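Visitor: Sharing a model prediction with you, sequence too.
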Amino acid sequence: MNIMKKKIKVGSMLKVKITKRAFRNLICFSAWFAPWKGLRKFFHKLRGTKIGKKVEIGYYVFIDNRYPEMIEIQDRATVTSNCTILAHDLSMRYIDNTETVGEVVIGKGAFIGMNTIILPGVVIGENCIIGCGSVVTKDTEPNSIYVGVPAKLIKRLSPQKQ
Ligand SMILES: CC(C)(COP(=O)(O)OP(=O)(O)OC[C@H]1O[C@@H](n2cnc3c(N)ncnc32)[C@H](O)[C@@H]1OP(=O)(O)O)[C@@H](O)C(=O)NCCC(=O)NCCS
């Protein structure tokens, strides 16, 4: 899979009405801190994120506030506590009135270690493990371990039979 990041005029992809966006922001807290994993998943889904079967999402997982619908977490993937998954970057807003946006896919069976940051446009390969504290800036290969800032490949794993 190859998902491209793109530069757009600030806000030109904000298709969701302001009332719906306000609602999504309001339920962020429930998505972050609900005491049951099923509830956290429910609130993340309600915010628009695509979440597959048997997905685990820890406490305080920050899923993009502008475009939560651009993030997909596939079956059996685990996103542990305190991770951040971004689909947009407004750092150029006051320079040239553009923002960078890109869908993020966390592949089947992937495991994202605590405090990881995933940047826009990244695809995490199936059964991939991301070490805690990593910053993932590029796509990762399936069945492998990545760690660090920026995340680099350290090990390949034998593919799972699922
Ligand atoms: C990534 C991880 C799976 C690697 O485990 P491993 O295969 O046993 O790897 P090792 O411990 O043999 O480490 C291999 C190398 O990577 C480095 N490394 C391991 N984890 C790292 C991390 N998170 N960030 C940076 N470097 C890391 C080690 O220092 C080692 O470097 P060296 O070869 O220069 O000595 C593990 O360290 C990790 O981060 N797990 C996630 C933990 C977590 O977030 N759990 C959430 C609660 S369940």
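Guide: Nice, I can see it. Remember, it's a predicted structure, so these values are computed and weren't measured experimentally.
Visitor: mind listing what the residue lying closest to S134 once chain neighbours are set aside touches?
Guide: Nearest residue to S134 in three dimensions, chain neighbours excluded: A151, at 4.2 Å (Cβ to Cβ, 6 or more residues apart in numbering). For every residue, glycine as well, the C-beta is placed using N, CA and C. Applying Cβ atoms under 8 Å, 6 or more residues apart in numbering to A151 gives the contacts 130-131, 134-138, 140.
Visitor: Of those, which are in range of the ligand?
Guide: G131 (Cβ under 6 Å from any ligand atom).
Visitor: Report the separation between the residue most central in space within the chain and V147.
Guide: Central residue of the chain (Cα atoms, centre = their mean): I85, 3.3 Å from the mean position. From I85 over to V147 the distance is 18 Å, taken as Cβ to Cβ, to the nearest Å.
Visitor: contacting residues around stretch 37-44?
Guide: For stretch 37-44, the external contacting residues (Cβ under 8 Å, 6+ apart) are 27, 30-32, 34, 51, 55-59, 61, 63, 68.
Visitor: Now it: buried residues?
Guide: 40-44 (16 or more other Cβ atoms under 10 Å).
Visitor: One more: stretch 40-57?
Guide: 40-45, 47-51, 55, 57.
Visitor: where are the low-confidence patches of the protein?
Guide: By pLDDT under 70, the weakly predicted segments of the chain are 1-3, 160-162.
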